[in-house]
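J.: Sequence and predicted structure, then a few things I'm wondering about:
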Amino acid sequence: TGLNNYAHGMRVFHSDEISHTLKEEVDSLPEILRERGGYTTGAMLSAYVVSEIYNLHQGFDRYLHGVNLEEINAEQQNKHTVFFDRTGQTDTQRRADRTVRDALGWLNEKKEEGRHWMMWMHLFDVHDYTIVPPDEWIADSGTLFPLTASDPPRDPKHDLREQLYGPELTYMDAQLGRVLQWLRDNGQYDRTVVVITADHGQGLKDGLKRHGWAKHRLLYDWGVHVPLIVKVPGEKPATVVADQVRTIDIVPTILEALEIGSSQSVHGASVLGLMRGEEEAGKRMAYADALNLFDDHAPAAGRMPAGQHDNLYSACDGDWKLVWRTQNPATGELFDLRADPKELQNLFAMDHPEVLRLKKYLDDADAFRIDRPRDGEGTAASADALGGLGYGGGGEEEDKDDEQDGGN
């Protein structure tokens, strides 16, 4: 949407107190491209968390995710029930090869129709250890990975599960390569905008060592700093932009590249100028939040690091970063990222000039405003499914083991 969380409505996974679905009145990228550019739009997805449950399907002509949305219970939470599945499909997620199969089929259809198209492809493999690459692919990888088809891990709490991160990432990358190759083989690569990003970073044992936590729900850079790769026909390739940019910049970048005007004002700004080496007058402010007091799927207070079971709001200009805690403001965090990129030295003080400056940004943005769910929203999302994907707090024993092994 090009909007920050407080504007588009998707603030938590599920809550009866706060909005958690995309607002109908917000124009998403597929809606804009379909209505203003005549594009046909498709989404090829891999997990429950990007399903129609959250109203993310608005604007798409085709919406394929392959997961089961019929058995939804918003009142219960469930731990992982499947580990190291080799079939490529569970009730809540599927492997990249199945998603890419749908993507290639859809692209072939669009080629026959000869229309402009926009596709969102979402891959999920590396998120957790529920589904792993197929046996034959692991076997063909030789000695590249410690995981072998003949000796799979038997205990989901074994250290070997963290070693799945490499195989899953490489497998997912190979599947993405199939789509890029299709573009080349069909003469569309040089006239297609490609954007690759992620929904969050991954702390693994690095986050555990630095901050005592390796999972979601904290706002350190190992969790909120994500890759952004942009390929625009006619633009200079292999350019690294040192300035801080944001995921909200994706939509305005695409619209500028396609010369299509937006139907609404957005918080993001195109990065094409930065890609061309142009300098900007000011710094882009990046926003993030983790509303742990509102989210039904947040871990209990006793299982999170001290002070983190709170509503967390972050403002960062690339040099200074503030994490504001609404329940206990005096325990907030301020980091000088130039001198302390690993965020180990907290400089927070209520009267610190940078705290006052960044807090004013949050106030002016109305980031603390809370919108209640609209009628019918409170029964939409599934705690069972989200817990199975690793978003829930889980049991105390599971959380302890996740923290020790790096978590997800």
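T.: Received it, and whenever you're ready, just let me know what you need. These numbers were taken from a predicted model, which means no experiment stands behind them.
J.: Show me the helices in the protein, by range?
T.: For the chain, the helices defined by DSSP state H cover 5-8, 29-37, 96-113, 135-140, 165-185, 204-211, 221-224, 250-258, 272-275, 353-365, 383-388, 396-405.
J.: Spatially nearest residue to residue 219 (excluding sequence neighbours)?
T.: Excluding the flanking residues, the one nearest residue 219 by Cβ to Cβ, 6 or more residues apart in numbering is residue 314, at 4.3 Å. Where you see a C-beta, it was placed from the backbone N, CA and C, and this is true even at glycine.
J.: Hmm, residue 287 and the one you found touching each other?
T.: Yes: judged on Cβ atoms under 8 Å, residue 314 makes contact with residue 287 at a distance of 6.7 Å.
J.: ok, and which of the helices of the chain has the densest surroundings?
T.: Burial of those is given as mean neighbour count (mean count of other Cβ atoms under 10 Å); helix 383-388 ranks first at a mean of 24.
J.: which residues does the residue nearest to residue 219 bridge with?
T.: residue 288, residue 323 (DSSP bridges).
J.: Check the residue nearest to residue 137 when sequence neighbours are not counted and give its pLDDT.
T.: Spatially, and ignoring its direct neighbours in sequence, residue 137 is nearest to residue 171 (6.2 Å; Cβ to Cβ, 6+ apart). With respect to pLDDT, residue 171 scores 91.
J.: picking that back up, between residue 314 and residue 287, which has more neighbouring residues?
T.: More neighbours surround residue 314 than the other of residue 314 and residue 287, with 23 against 19 (other Cβ atoms under 10 Å).
J.: Contacts only, for the more buried one.
T.: The contact partners of residue 314, by Cβ atoms under 8 Å, 6 or more residues apart in numbering, come to 219, 224, 286, 287, 288, 289, 321, 322, 323, 324.
J.: tell me which of those residues is nearest to residue 53?
T.: residue 289 (20.5 Å; Cβ to Cβ).
J.: ok so, going back, mind telling me which of the helices of the chain the model trusts least?
T.: helix 396-405 (a mean of 37).
J.: Could you check how far the residue lying closest to residue 225 once chain neighbours are set aside is from residue 59?
T.: Excluding its sequence neighbours, the residue lying closest to residue 225 (Cβ to Cβ, 6+ apart) is residue 201, at 5.4 Å. Counting by Cβ to Cβ, to the nearest Å, the separation of residue 201 from residue 59 is 28 Å.
J.: Can you list the buried residues in stretch 318-326?
T.: For stretch 318-326, burial by neighbour count (16 or more other Cβ atoms under 10 Å) applies to 320, 321, 322, 323, 324, 325.
J.: Just the CA coordinates for that stretch, please, in CSV.
T.: Taking C-alpha atoms only, stretch 318-326 is exported to CSV below (Å, rounded to 0.1, in the frame of the first residue of the first chain):
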residue,chain,number,x,y,z
GLY,A,318,19.3,5.7,9.6
ASP,A,319,21.6,7.3,12.2
TRP,A,320,19.4,7.4,15.3
LYS,A,321,16.8,4.9,16.4
LEU,A,322,14.2,5.2,19.1
VAL,A,323,12.1,2.4,20.5
TRP,A,324,9.2,3.8,22.6
ARG,A,325,7.3,1.7,25.1
THR,A,326,3.9,3.0,25.9
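J.: which residues touch residue 248?
T.: Contact analysis of residue 248 by Cβ under 8 Å, 6+ apart lists 1, 2, 3, 4, 266, 267, 268.
J.: so the third one makes contact with residue 262?
T.: No: the pair formed by residue 3 and residue 262 falls short of the contact definition of Cβ under 8 Å, at 11.0 Å.
J.: more neighbours, these two?
T.: Shown here are residue 3 and residue 262; by other Cβ under 10 Å, residue 3 has more neighbours (21 against 15).
J.: From the buried residues of stretch 318-326, pick the one nearest residue 188.
T.: Of all the buried residues of stretch 318-326, residue 188 sits closest to residue 321, with 39.9 Å by Cβ to Cβ.
J.: need the contact list for that closest one.
T.: 221, 314, 315, 333, 334, 335, 337, 343, 358.
J.: Let's see that with 7 Å instead.
T.: Counting by Cβ atoms under 7 Å, 6 or more residues apart in numbering, residue 321 touches 314, 335, 337.
J.: How much space separates it from residue 263?
T.: 33 Å.
J.: Could you report the separation of residue 196 from residue 176?
T.: Taking Cβ to Cβ, one finds residue 196 at 8 Å from residue 176.
J.: before we move on, the earlier item: who has more neighbours out of residue 201 and residue 59?
T.: A count of neighbours by other Cβ under 10 Å puts residue 59 above the other of residue 201 and residue 59, at 21 against 17.
J.: Quick check, that one in contact with residue 36.
T.: No: using Cβ atoms under 7 Å, residue 59 is not in contact with residue 36, being 11.4 Å away.
J.: where does the stretch 1-150 of the chain dip in pLDDT?
T.: The model of the stretch 1-150 of the chain has pLDDT under 70 over residues 71-81, 141-150.
J.: can I assume residue 336 is in contact with residue 346?
T.: No: contact criterion Cβ under 7 Å: residue 336 and residue 346 do not qualify, at 10.2 Å.
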